[in-house]
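The following comprises the amino acid sequence and a computationally predicted model.
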Amino acid sequence: MGGVDVWPVVHSERKALAVDLAPLTEEKWSTQSLCPQWTVRQVVAHMSGTAQITPATFFPKLIGSGFNFERLQAKGIAANLGTSGADTLSHFEAIVASEKRPPGPKDTILGETIIHAEDIRRALGIAHKYPPDAVVELADFFKGSNMIIGTKNRINGLRLNASDTEWSHGSGPEVSGPMLSLLMAMTGRKPVLQDLAGDGVATLRERP
């Protein structure tokens with residue numbers, strides 16, 4: 001854990017995502033992302049909002065949102081959406097080099113960057129190769145945690161095996177496939193289950 005130098009990876013991945021987003025039409029910006037409640041544009045606005053929060057500002061913002069985390073996220077999205085996809089991208093480009101983050105381990109901002117970037121790219125049909133060590137580190141980070149995302153409960157009683165790197169976790173019915181797809185499935189992204197094989201896939205499909 002903690003082997004990845006987080007900020008260089010975060011900055012590089014934000015820059016790469018901004019390049020991929022630049023050609024999008026307004027119609028493409030409205031594409032449903034892998035986050036069921038958000039479009040591509042809303043995910044990008046959410047990423048911009050998160051990159052403006054610090055431990056000092058997080059709790060006042062949470063209190064101002066009535067201790068409702070979803071309301072806090074909605075405010076961040078609204079503040080960074082603008083009136084067009086170009087506006088949303090401009091807000092995102094402004095935070096590419098930001099090192100602000102909410103309280104918690106640095107791997108949370110790494111996950112925020114890589115997982116949401118794939119939420120966007122997967123929905124748009126854009127292929128991208130993420131740093132393999134960062135993807136593995138995130139899988140190791142989330143596997144034992146139910147914080148917000150609920151990964152620990154989701155994968156309980158399953159054996160996860162990566163087909164493209166030496167990584168595995170757990171015991172029980174098998175779920176195997178590419179490391180990135182396993183990470184996305186661990187964090188609740190149902191569309192990636194088509195990339196995976198094994199008796200445990202049906203269990204993942206049934207779990208929230």
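Perfect, I can see it now. Residues are numbered from 1 along each chain as shown.

use CA for all of it now, contacts and neighbours both
OK.

correct me, but Arg159 touches Gly172?
Yes: if you go by Cα atoms under 8 Å, Arg159 and Gly172 touch, sitting 5.1 Å apart.

the more surrounded of those two?
Arg159 (18 against 14; other Cα atoms under 10 Å).

And that one, how far from Thr203?
11 Å (Cα to Cα, to the nearest Å).

Contacts only, for the residue located most distally from the centre of the chain.
Using Cα atoms, centre = their mean, the residue of the chain lying farthest from its centre is Gly172. It sits 26.1 Å away. If you count contacts by Cα atoms under 8 Å, 6 or more residues apart in numbering, Gly172 has them with Gly157, Leu158, Arg159, Gly200.

Among these, name the ones in strands.
Members of those lying in strands (criterion: DSSP state E): Arg159.

In a markdown table, list the contacts of Gly172 along with pLDDT.
What follows is these, written out as a markdown table (pLDDT from 0 to 100):
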| residue | pLDDT |
| --- | --- |
| Gly157 | 98 |
| Leu158 | 98 |
| Arg159 | 98 |
| Gly200 | 98 |
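
among the contacts of Gly172, which ones are buried?
By neighbour count, with 16 or more other Cα atoms under 10 Å, the contacts of Gly172 hold Leu158, Arg159, Gly200 as buried.

most residues in a single helix of the protein, which one?
Longest helix in the chain, counting residues (DSSP state H): helix 107-124.

what helices or strands is that one leaning on?
helix 6-21, helix 40-50, helix 132-142 (3 or more Cα pairs under 8 Å, 6 or more residues apart in numbering; DSSP states H and E).

what's downstream of the last one, the next helix or strand?
Using DSSP states H and E, the next helix or strand after helix 132-142 towards the C-terminus is helix 151-155.

Understood, closing this out.
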